[in-house]
Each structure stands twice: as C-alpha cells, then as structure tokens.
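K.L.:
Provided below for reference: sequence and predicted model.
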Amino acid sequence: ASGGTALRKVSYGSELVTNGDFASGTTSWVANASATLSISSGKLQVTRVSSSGDTAYQIITTQTGLAYEISVDVTAGTQTPHFKVYNSNITGTNLVDKVSTGNGTYVVSFVALSTSTAIELRAYGGNGTALYDNVSVKEVTFDQPDGTLQLFNSPANVPRIEYNADGTVKGLLI
C-alpha cells in the first residue's frame, strides 16, 4: 500500500531551499512573468499583476526517485495562496498542486522525478497578493534506526512499513 498515512520511523535530510524564511529579502527567489516580489512583515509577498503565470519560484537540487517533504506557511493577502512543486522547471510535470483552504502551515510529500525541482508560489484567483514564510524542502528517509516515530503521509508509489506505538515494526502495510 502506498500514498497514505502510516505510523513509521522518519528522518529528514538537510534544508534544500535557500532563503525560505526570507531573512535575506527576496534573494534566491525569481519573479516570473510580471509578478512583483516584496517583503511584508517578514513574509514574501507575491503580487499577481496581470497573468496566471505571475509567480515566485526557486529551482532546488533533488535526486530522482527519492521522497521529499515540502512545508509552507501561507497567509492570504487579497488572494488565496497557492503553491506548486514541478519536476525540472516551472513548465515540467506537476508533482504538488496545493491551493490553501485557509491560513496556516501546509505539509505535502512528493517523489522527485529528476535532479532539479521547482518550487512555485503564487496568488490564486485573480490579481492581488498572497504571503509566504518558512518554505522548506527536505529529503525524507524512512525506517532508519534513528528515525522519529510519527504519523506520516507517504507519497504515492512508496511502500509503507507500519510500526506499533512502542516502535516495534509490524511490517509492510497491504
């Protein structure tokens, strides 16, 4: 069974996003089309001016076939926050497409299809703004002895090993 929640041991690799907390302003983030990027109350503000392609993006290095987790804090400005993860670049295969249903932190898993992956942030629904903070992407390693036992939503096509609450392995979830 894959693509669902299971209790398992999970470890995380190093941070792959540069300036995901926006402490260095908009450094490392690229404005696409006619989007404007600015910092508002310590958050990245993406302003959509005239096109659905008005976005902020960053290309990160990934490894084909490995699982990753993206975490993003979103706040609505005048439009709904919307983030995507693409294979290769912002015109590649869409791996994650998340329109927020409210302010908060969103965490989504995906499997990389190439050695580069694009993170895209946009204002959704029309011209206006959306705010982002604490954008993070880390490699996920499963079932390591030093892993933390937690409920984890596995990406599709990743077998799930289930654990008891005391940390003993139950086996492959089928």
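P.N.:
Here it is on my side, so go on. Small disclaimer: the values here were computed from a predicted structure and weren't measured.
K.L.:
who's in contact with the closest residue in space to Asn153 that isn't next to it in sequence?
P.N.:
Spatially, and ignoring its direct neighbours in sequence, Asn153 is nearest to Thr5 (4.9 Å; C-beta to C-beta, 6 or more residues apart in numbering). Using the backbone N, CA and C atoms, a C-beta is placed for each residue, glycine as well. Applying C-beta atoms under 8 Å, 6 or more residues apart in numbering to Thr5 gives the contacts Leu151, Phe152, Asn153, Ser154.
K.L.:
please, which helix or strand holds the residue positioned nearest the centre of the chain?
P.N.:
In the chain, the centroid-proximal residue (C-alpha atoms, centre = their mean) is Ile70; its distance is 2.6 Å. Element membership of Ile70, judged by DSSP states H and E, is strand 67-76.
K.L.:
listing partners with orientation, what would you give for the helix or strand of the chain with the lowest mean pLDDT?
P.N.:
Ranked by mean pLDDT, DSSP states H and E, the weakest helix or strand in the chain is strand 161-163, scoring a mean of 82. Strand partners for strand 161-163, identified by DSSP bridges, are recorded as strand 169-172 (antiparallel).
K.L.:
what's next to the partner strand, contact-wise?
P.N.:
Residues from elsewhere that reach strand 169-172 (C-beta under 8 Å, 6+ apart): Ala1, Asp143, Pro159, Arg160, Ile161, Glu162, Tyr163, Asn164.
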